[in-house]
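K.L.:
coordinates only, sequence not included:
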């Protein structure tokens, strides 16, 4: 028992030593007044990653690192629909945290949260992955989408933790702490291929372009024979098609069941949303759907969200 506890402590302390120098406490002043949160350095030229809601309405702020050094930062770009923001700190760059891949996580896996809750700089908590594939709503004006594949953990999170790092046992950052949902429950936006693309767009252009189809669907079970043939159990029944939208023009109708897009099985709207980033705009997207028992292929050309 003692040996197991020593091993656990060794992992947590090793990860803390690795991540703490990269984590900063943020102080921002925006339209909503004074705010605070956390961020962490992920490049060696001063880029920091945080939660978009931490810097809402702000253009600048101060980042204070674990060693006591402070630097002014500019908000490079923020994307409220993923709750991610990229900052650029001035002055000597902090040590960088290595980004991992949340898609490899398993329920029960050890994770370590590092941030600055309630003004307590450099706080470290540990726990396990309590759940995967959670979703939380995010709103940007009239547009609402789900941040999907959110990580649920029981590592203690409190106000000020938002934007901090959630790391695995190897010290790789696999999530950005974003919300406290209740006692003993914390959530983090995953670091994976999708969020890496979002981070890259924020760094290069300061914003995230998204594609738009103009279709809404709900998961439904597929007929047994179809499910066995395709190797998937669910599809998306179309419940709304916006007139003259890309989906409408392509010939997608109410009642159709979307099965796949670009070869990827569509079992939830989150799966479809993952495909709707900048590279999809203006490019042909093949969608396979089920209509009155027959498989039908349609080609949709997504347009840019918010641009008519």
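P.N.:
Thanks, I have it. All values derive from a computational prediction rather than experimental measurement.

K.L.:
any idea which element the residue nearest to the spatial centre of the chain lies in?
P.N.:
In the chain, the residue lying closest to the centroid (CA atoms, centre = their mean) is residue 189, at 3.9 Å. Per DSSP states H and E, residue 189 falls inside strand 185-190.

K.L.:
Now do that strand, average pLDDT.
P.N.:
For strand 185-190, mean pLDDT is 88.

K.L.:
Make 857 the starting number, not 1.
P.N.:
Happy to do that; since the first residue is 857 now, the last one works out to strand 1041-1046.

K.L.:
Give me the helices and strands touching it, please.
P.N.:
Applying 3 or more CB pairs under 8 Å, 6 or more residues apart in numbering; DSSP states H and E, one finds that strand 1041-1046 makes contact with strand 979-996, strand 999-1009, strand 1029-1038. Every C-beta, even on glycine, is put in place using the N, C-alpha and C of the backbone.

K.L.:
and the direction of it versus that of strand 979-996, what angle?
P.N.:
70 degrees (axes from the mean of the first three to the mean of the last three CA atoms, to 10 degrees).

K.L.:
Contacts for strand 1041-1046, please.
P.N.:
Here strand 1041-1046 makes contact (CB atoms under 8 Å, 6 or more residues apart in numbering) with 907, 938-940, 958-959, 961, 969, 983, 986, 990, 992, 1003, 1005-1013, 1017, 1022, 1030-1037, 1051.

K.L.:
quick one: least confident helix or strand in the protein?
P.N.:
strand 999-1009 (a mean of 74; mean pLDDT, DSSP states H and E).

K.L.:
how much space between the residue lying closest to residue 972 once chain neighbours are set aside and residue 986?
P.N.:
What sits nearest to residue 972 in space, not counting adjacent residues and going by CB to CB, 6 or more residues apart in numbering, is residue 881, at 3.9 Å. Using CB to CB, to the nearest Å, we find residue 881 at a distance of 26 Å from residue 986.

K.L.:
More neighbours: which of these two?
P.N.:
Shown here are residue 881 and residue 986; by other CB atoms under 10 Å, residue 881 has more neighbours (25 against 18).

K.L.:
Next, the contact list for that one, please.
P.N.:
892-894, 919-921, 972, 975, 977, 1016.

K.L.:
Just the element for it, please.
P.N.:
Secondary structure (DSSP H and E) places residue 881 in strand 879-886.

K.L.:
List the pairing partners of that strand within its sheet, with orientation.
P.N.:
strand 889-897 (antiparallel), strand 916-921 (antiparallel) (DSSP bridges).

K.L.:
How far off centre is the shortest one?
P.N.:
Translated: strand 916-921. 23 Å (CA atoms, centre = their mean, to the nearest Å).

K.L.:
and it, what's its mean pLDDT?
P.N.:
93.

K.L.:
re earlier: so what's the residue nearest to the centre of the chain bridging to?
P.N.:
With DSSP bridges as the rule, residue 1045 is bridged to residue 1032.

K.L.:
wait, doesn't residue 1107 sit right on residue 1156?
P.N.:
No - under the criterion of CB atoms under 8 Å, residue 1107 makes no contact with residue 1156, lying 9.0 Å away.

K.L.:
between the two, which one's more packed in?
P.N.:
residue 1156 (24 against 14).

K.L.:
Now, of the contacts of residue 881, which are buried?
P.N.:
892-894, 919, 921, 972, 977, 1016 (16 or more other CB atoms under 10 Å).

K.L.:
And the helices in the stretch 1057-1164 of the chain, which stretches?
P.N.:
Applying DSSP state H, counting those that start in this stretch to the stretch 1057-1164 of the chain gives helices spanning 1080-1086, 1102-1106, 1125-1130.

K.L.:
nearest to residue 965, of the ones you listed?
P.N.:
helix 1125-1130 (21.5 Å; CB to CB).

K.L.:
Give me the residues contacting the closest one.
P.N.:
Contacts for helix 1125-1130 (CB under 8 Å, 6+ apart): 991, 1001-1002, 1004-1005, 1050, 1069, 1072-1074, 1092, 1114, 1117, 1120-1122.
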